[in-house]
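**Q** Predicted model and sequence follow; I will ask about them next.
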Amino acid sequence: MKQRIGLVAGAGKFPLLLVTEAKKRGMTVMAVAIKEEADPALEKLSDKLVWLSVGELDRIVNTFIEENVKEVFMAGKIRKTIMFTDIELDERLRKLLKNLKNRNDEVLLKAFVSELTRHGINVRNSAEYLPDLMALPGVLNRIEPDAETMEDIRYGFRMAKKIADMDIGQTVVVKKKAVLAVEAIEGTDKAILRGGELARGGIVVVKVAKPDQDMRFDIPVVGMNTVEILVKSQTRAIALEAGKTLILDKSEFLERTRRHNISVLGMTSAEDTF
C-alpha cells in the first residue's frame, strides 16, 4: 500500500513541485488547497483535493483527521494581508488568533502547526523532497559581483538577518550600504519594486531565513516571477541564504539572471568570500 501524505497548498509553484516529487516517490497525496491562493493545476496532480478557505481552520484540521492523514507538508505562499480583508473566520481560528501574542508569520504558522500536532498529525520539512532546489554556497550563475556590490551584499545580509530575527520579513533592498526597502506584510516582490523605484536601479536584494528557521513552513523561496521583478527593478545582484532558500525552476532562474547580468549568490554569512 502506498504511503499517503497531506498537503496544505498556498500560492505559487512550490506546492505543484512538491506533489510531483511525492508522486515520483510512490506517495499518494491528499491536498487541502487554499482557495484564495492555490493553483487549480493541483486538481490534476493530487489524488484527492479539497478546496477550503484560509479562514476555515476547523475544516482544514478535520479534513486530515477524517482522511486519516498523519503526515502533512505545508507549501506555497498565503498572503498575510488576507487578515485585513472581510474574509470570514471560523470560531476555531478566531479563538486561536485571540490567544496569540502577535500575528507575525512565525507566530501564526506555529499556532497552525500546533493545531495539527495536537491531533497526531506530523508536519514535515517542506523542502524534504526538493533538496536539489536549495541554494548552494558561492556564485551560482557565473556573474561575479564587483567589490562595491559585494559590500552592499554583506551589509544587506547583516540587516536582513536582523529583521528576520524580529519576524518582520526576510528580504532587504540595499544600495550604497543604505537600506531602501524592508519586506514586511506586503511580501518580497513589492519590497523589491519599492526599493528599485527609490534607487532608480542598481539595487542589491538579500533574502535570508530566520535564525533557527523552522523548515516546516515559511522557507524563503524565489522563482521565475522573482526574476521578472529583479529585471524590472534594475537589480545588480541577489543574495540568498545557502542551504535554507529554495530556487524554483533553478536552471532557468540562473540562466535568466545570467542573461540580465544579475549576480546570484548563495551565502552562509556576511563574511563569505568568493
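**A** Thanks, I have it.

**Q** Check the gap between Ala199 and Leu136 for me.
**A** 28 Å (CB to CB, to the nearest Å). For the C-beta atoms, the positions are set from N, CA and C on the backbone; glycine is no exception.

**Q** who's more crowded, these two?
**A** Ala199 (20 against 12; other CB atoms under 10 Å).

**Q** my guess is the more buried one contacts Val179, does it?
**A** No. Contact between Ala199 and Val179 fails when scored by CB atoms under 8 Å: they sit 10.8 Å apart.

**Q** Quickly list what's touching both of those two.
**A** Listed as contacting both Ala199 and Val179 by CB atoms under 8 Å, 6 or more residues apart in numbering are Val173.

**Q** how deep is Lys210 tucked in, by neighbour count?
**A** By other CB under 10 Å, the residues close to Lys210 number 21.

**Q** Give me the nearest residue to it, chain neighbours excluded.
**A** Ala164 (4.5 Å; CB to CB, 6 or more residues apart in numbering).

**Q** Now do the strands for this protein: every range, in order, please.
**A** 4-9, 28-34, 48-52, 71-75, 122-123, 138-139, 171-175, 178-182, 203-207, 221-222, 235-241, 246-247, 263-267 (DSSP state E).

**Q** Counting neighbours, what do you get for Gly243?
**A** For Gly243, the tally of surrounding residues (other CB under 10 Å) stands at 16.

**Q** and it, how far is that from Val221?
**A** The separation that Gly243 has from Val221, given CB to CB, amounts to 14 Å.

**Q** Over to Leu57?
**A** For Leu57, the distance to Val221 under the criterion CB to CB works out to 23 Å.

**Q** Check Ala242 too.
**A** 14 Å.

**Q** Repeat that for Glu183.
**A** With distances taken as CB to CB, Glu183 is found 13 Å from Val221.

**Q** quick one: contacts for Gln234?
**A** Applying CB under 8 Å, 6+ apart, we find Gln234 in contact with Gly196, Arg200, Gly201, Gly202, Ile203.

**Q** Now for these, which sits with the most neighbours around it?
**A** Counting by other CB under 10 Å, Ile203 has the largest number of neighbours within the contacts of Gln234, with 26 neighbours.

**Q** Thr188 and Thr226 touch, don't they?
**A** Yes. In this structure, Thr188 is within contact of Thr226 by CB under 8 Å, at 7.1 Å.

**Q** confidence score at Val113?
**A** Among the per-residue scores, Val113 shows a pLDDT of 88.

**Q** Tally up the residues packed near it, please.
**A** The burial metric for Val113, expressed as a neighbour count using other CB under 10 Å, is 19.

**Q** Please name the bridge partners of the residue lying closest to it once chain neighbours are set aside.
**A** Once flanking residues are discounted, Val113 sits nearest to Val123: 4.9 Å by CB to CB, 6+ apart. When bridges are taken as DSSP bridges, the partners of Val123 come out as Val72.

**Q** quick one: Val123 from Arg200, how far?
**A** Val123 sits 43 Å away from Arg200, going by CB to CB.

**Q** same thing with Thr226?
**A** Relative to Arg200, Thr226 is positioned 20 Å away (criterion: CB to CB).
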